[in-house]
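Trainee: Predicted model, plus sequence, below.
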Amino acid sequence: MRSTVKVLLAAVLVLVGATGAAAQAGGNWQHFHGQVQGIQGNQLTVKADDGRVVNVDMSQVSQSVQGAMTPNAGVTVTGFPGATPDRFTARYIEQDQSQPSAAVATTSNGVINRILPLVPQFVSSPEFQNRAAAFNNDRVAARRFVSQLYRGFLDREPNDQERQYWTRQLVESRDINGTVTAFLTSPEYTAKNKNEQQVITDLYKAVIGRTPTADEVRNWQQQIAQK
């Protein structure tokens, strides 16, 4: 009986490990926002905005970031989901830069949610593909794009840790859509509370690398309004 139990337990552990490995191998990057509930070693407990209590494995996050975690801090966790909804492996954790009021957050999130469907269209556009064809294999090109994302969305240069993390994420996951979405929905960008025209303009600067014309912005606004 005991040997049977051991075999079943081993099978379960292999299945859980395979599920996590498959998620990472498939580039299934995800992120969620929440509030830190507790820290124990490299394990972080976060209450997500959707009400889940998530146990986050921080072992792949730098020691400096782990040491900066404090109870009640707002964080955005990026990484891979586990075998169950309450498990997550973090590759990057960003603390909230500010705490916007509920009214500001609601307004900004509403605008960003309307813009999010445009991200795949920008990424698949010939103009972007011509500029970004080498991202998957060229870390130099990926680093340049990461800096462009920070300048376009956040109006600043990334620090070394931020640049290294997102460069690695782009090269390993090849998930440009997910990367752009992570910046667009980050607390730092949401707190800027920009209007629809400004967000579209920032999307051009961050993804395409240039400022759009008034007609281009107007065309995207018309497309959004029709949905």
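Mentor: Now that the structure is in, tell me what you want to look at.
Trainee: switch to C-alpha atoms for all contacts and neighbour counts from now on
Mentor: Noted.
Trainee: Show me the domain layout of this structure.
Mentor: With domains defined by automatic domain parsing, the chain comprises 25-95, 102-225.
Trainee: now the strands for the protein?
Mentor: 30-40, 43-48, 53-57, 74-81, 87-95 (DSSP state E).
Trainee: Can I get the fourth one in CSV, CA atoms only?
Mentor: Presented in CSV, the C-alpha positions along strand 74-81 are these (Å, rounded to 0.1, in the frame of the first residue of the first chain):
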residue,chain,number,x,y,z
GLY,A,74,1.2,47.0,-3.9
VAL,A,75,3.1,44.9,-6.4
THR,A,76,2.8,43.7,-10.0
VAL,A,77,4.1,40.2,-10.3
THR,A,78,5.3,38.9,-13.8
GLY,A,79,6.2,35.3,-14.4
PHE,A,80,4.5,31.9,-14.9
PRO,A,81,1.3,30.4,-13.4
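Trainee: what about it, distance to the chain center?
Mentor: 7 Å (CA atoms, centre = their mean, to the nearest Å).
Trainee: cool, and the first one?
Mentor: Between the centre of strand 30-40 and the centre of its chain there are 14 Å (CA atoms, centre = their mean).
Trainee: neighbouring strands for it, and are they parallel or not?
Mentor: Paired with strand 30-40 in the same sheet, following DSSP bridges, are strand 43-48 (antiparallel), strand 74-81 (antiparallel).
Trainee: In contact with the closest residue to K205 other than its chain neighbours, which residues?
Mentor: Nearest residue to K205 in three dimensions, chain neighbours excluded: G152, at 4.8 Å (CA to CA, 6 or more residues apart in numbering). Residues near G152 by CA atoms under 8 Å, 6 or more residues apart in numbering: D202, L203, Y204, K205, A206, V207, G209.
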